[in-house]
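> Quick one, structure for this:
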Amino acid sequence: MKITFLIPPVLDGTSYVERCSGCNYGLFFFPLLPVLNIATLLKDEGQEVSILDFPAQGKGINDFQDFIKKDDSDIYCFYTVFLCQETDRRARNMIRNTRKDVRFIFCGPQPTYAPESFLDKNDTFVIRAEPEFSTRDLIVALESKRGLGDVKGLSYLDGTKIMHNPAEPFIPDIDQIPIPDRTLLDHRPYCNPKLRKVPHTAIITSRGCFGRCWFCVPNSLDYARELEYKKIFGRKPPARLHSPQRVIREFTEIARLGFKSVTVIDEEFLWDEKRTLEICAGIEGLNLEWGCLARADKITEKIGKALGDSGCRFIDLGMESADDEVLKAIRKDITFKDTERAVAILKKNKIEVELNVLIGATPKETEETIKKTLKAVKRLRPDYVLFSIANPFPGTDFYYAAKREGWMYYGEYVPTDPSKDAIISYPHLSKQRLEKIIAYAHLTFYFHPHYLFRQILRIRSLSDFKNKIKTTLNFINRNFLRR
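Numbers count the residues shown, from 1 in each chain. The predicted structure is shown next:
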């Protein structure tokens, strides 16, 4: 069968959605690893696969329409997150209007959360949770024209009745998933402005997180996994890690293919000291720049040095707040002192720091706690800050509390850009006030002369300069001009 994985152009009047994280509109383009995983597995099974990323390639609606007219794929697969669900459904309808003999597969967090909203005709199938093996089994069943009852994790229409097959057992050993074939995807449009070298790619070395944060929306693959597991067991699924040897093999393959920089998109990369030190030692000689997300309480002097020696150039830390009572309320399980200590260690090892700051994730947040956090950010002088308004994404504990207590401005979740728009509103901290605060936070940090001067001094190449300029223009357009 000929199977095409589609990331269509924006069709709903919003912006490009960064589907790896799944919870924000992107400032730069990023390779969609969950799709690459599925496509690699199908290719290894002998299927004809391709991946088309229209936004990254700068292609719009007219290009998409031309593609539909000429293409002869048997199946189109969409990896759909909350913010792009309308675009993907419209893309399916555009294909339907031209092709009458094709089928569609939807996977990702939004189809997992609400499979019924995609199952309007018998030509569509939904894969819930971890998509790799269920998608493979579905393709085999369709190709052999046998029944679909044995395909785990599948939702589909049987006549007019919606069927939900039992969940696919969560993959106990994720090392059995093949290393993604990055030659399936044109990586030229992809970058991470926090890393100076290109070409750039991404890697996943684990699934899940041990954290208890009540607001947390993990990367989209983990989120789909978590949503399905909570439906069954009422709690988060256990984390699964690639072995250090597998991680080193994948980094080595990335270097062999000529990539110069890598972003690790795990929810938490620093699981334990032994694993981290083994991975760092194994990739030290590959001459790769890389960065990752980490919890502040996992940063030690030994790990900080190992990270720096192995080519780590940035760490995203989930600071969220400088107020310990707020951190306790959102179940962050760290203190602000943990963040202060981690920042000092990373700076000593010449690793740039991004602080993730979340405003309004609990009614314990006040104007005073926000001022305290913004002053702390100024004092710590991170290299980057991701300011966001807390967004009660469906399936999170924050969502259920916000719905129960009436904190949601619209009464229900609606797709929203958390970098500038609020859908929560407290009696003492309104939606409008939160939006003014977030705009102020962005303006005072990113347009401060000291920050701009530091960024100019760090430019090392023409490609680095271009990526920073593109990201800056997208940032200004998204957070200020569109207001």
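> For whichever strand or helix holds V35, which residues meet the burial criterion?
Under the criterion DSSP states H and E, the helix or strand holding V35 is helix 33-44. Neighbour-count burial for helix 33-44 flags L33, P34, V35, L36, N37, I38, A39, T40, L41, L42, K43 (criterion: 16 or more other CB atoms under 10 Å). For the C-beta atoms, the positions are set from N, CA and C on the backbone; glycine is no exception.
> would JSON lines of those with pLDDT and distance to T160 be doable?
Formatted as JSON lines, the entries for these read as follows, by pLDDT from 0 to 100; distance: CB to CB, whole Å:
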{"residue": "L33", "pLDDT": "95", "distance to T160": "36"}
{"residue": "P34", "pLDDT": "96", "distance to T160": "31"}
{"residue": "V35", "pLDDT": "97", "distance to T160": "31"}
{"residue": "L36", "pLDDT": "97", "distance to T160": "35"}
{"residue": "N37", "pLDDT": "97", "distance to T160": "33"}
{"residue": "I38", "pLDDT": "98", "distance to T160": "29"}
{"residue": "A39", "pLDDT": "98", "distance to T160": "32"}
{"residue": "T40", "pLDDT": "98", "distance to T160": "36"}
{"residue": "L41", "pLDDT": "97", "distance to T160": "32"}
{"residue": "L42", "pLDDT": "98", "distance to T160": "30"}
{"residue": "K43", "pLDDT": "97", "distance to T160": "35"}
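> Save these as JSON lines, and put in distance to N287 too.
Supplementary listing: the buried residues of helix 33-44 in JSON lines, determined by distance: CB to CB, whole Å:
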{"residue": "L33", "distance to N287": "22"}
{"residue": "P34", "distance to N287": "28"}
{"residue": "V35", "distance to N287": "28"}
{"residue": "L36", "distance to N287": "23"}
{"residue": "N37", "distance to N287": "26"}
{"residue": "I38", "distance to N287": "30"}
{"residue": "A39", "distance to N287": "28"}
{"residue": "T40", "distance to N287": "25"}
{"residue": "L41", "distance to N287": "30"}
{"residue": "L42", "distance to N287": "32"}
{"residue": "K43", "distance to N287": "29"}
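> just curious, which of the residues you listed is nearest to D338?
Looking at the buried residues of helix 33-44 and their distance to D338, the nearest is L33, at 28.9 Å (CB to CB).
> show me what contacts the closest one?
Remark: with contacts taken as CB atoms under 8 Å, 6 or more residues apart in numbering, L33 is in contact with C20, P180, A202, I203, I204, L221, I265.
> Touching, I283 and D309? I think so.
No: counting by CB atoms under 8 Å, I283 does not reach D309; the two are 10.1 Å apart.
> For the chain, which residues score under the pLDDT cut-off?
The chain contains residues with pLDDT under 70 at 447-483.
> Domain-wise, how is it divided?
Following the assignment in automatic domain parsing, the chain carries domains at 2-164, 191-481.
> so where do the helices sit in the stretch 1-150 of the chain?
If DSSP state H, counting those that start in this stretch is used as the criterion, the helices of the stretch 1-150 of the chain fall at 33-44, 61-70, 85-98, 109-113, 132-144.
> Next: the stretch 301-450 of the chain.
With DSSP H, counting those that start in this stretch as the criterion, the stretch 301-450 of the chain has helices spanning 301-309, 324-329, 336-348, 367-380, 397-405, 431-446, 449-457.
> Let me know which of those helices is the nearest to N97.
The closest approach between N97 and any of those, judged by CB to CB, belongs to helix 397-405 at 35.1 Å.
> End to end on stretch 148-167, go ahead and measure it.
13 Å (CA to CA, to the nearest Å).
> Now it: buried residues?
Counting neighbours by 16+ other CB under 10 Å, the buried set in stretch 148-167 is L148, V151, K152, G153, L154, S155, Y156, L157, N165, A167.
> closest to E226 among those?
Closest to E226, out of all of the buried residues of stretch 148-167 and judged by CB to CB, is A167, at 12.4 Å.
> picking that back up, which single one of the buried residues of helix 33-44 is nearest to A422?
When those are compared against A422 (criterion: CB to CB), the nearest one is P34, at 28.5 Å.
> how much space between that closest one and D44?
Plainly put, P34 is 16 Å away from D44 if you go by CB to CB, to the nearest Å.
> ditto for G58
Distance, G58 to D44, by CB to CB: 30 Å.
> got it, and I68?
Using CB to CB, one gets 28 Å for the distance from I68 to D44.
> what does P382 give?
Looking at P382 against D44, where the rule is CB to CB, the gap reads 42 Å.
> ok so, going back, how about CSV for the helices of the stretch 301-450 of the chain, with mean neighbour count added?
Formatted as CSV, the helices of the stretch 301-450 of the chain follow (neighbours: other CB atoms under 10 Å):
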stretch, mean neighbour count
helix 301-309, 18
helix 324-329, 17
helix 336-348, 19
helix 367-380, 16
helix 397-405, 16
helix 431-446, 17
helix 449-457, 11
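> Output those helices as TSV; include the columns distance to S117.
Converted to TSV, the helices of the stretch 301-450 of the chain look like this (distance: least, CB to CB, whole Å):
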stretch	distance to S117
helix 301-309	42
helix 324-329	32
helix 336-348	39
helix 367-380	36
helix 397-405	17
helix 431-446	26
helix 449-457	42
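> Specify the stretch among the ones you listed that is closest to I171.
Shortest separation from I171 across the helices of the stretch 301-450 of the chain is recorded for helix 397-405, at 24.8 Å, computed as CB to CB.
> residues making contact with the closest one?
Taking contacts as CB under 8 Å, 6+ apart, the residues outside helix 397-405 that touch it are 214-215, 330, 361, 363, 390, 392-393, 407-408, 412-413, 424.
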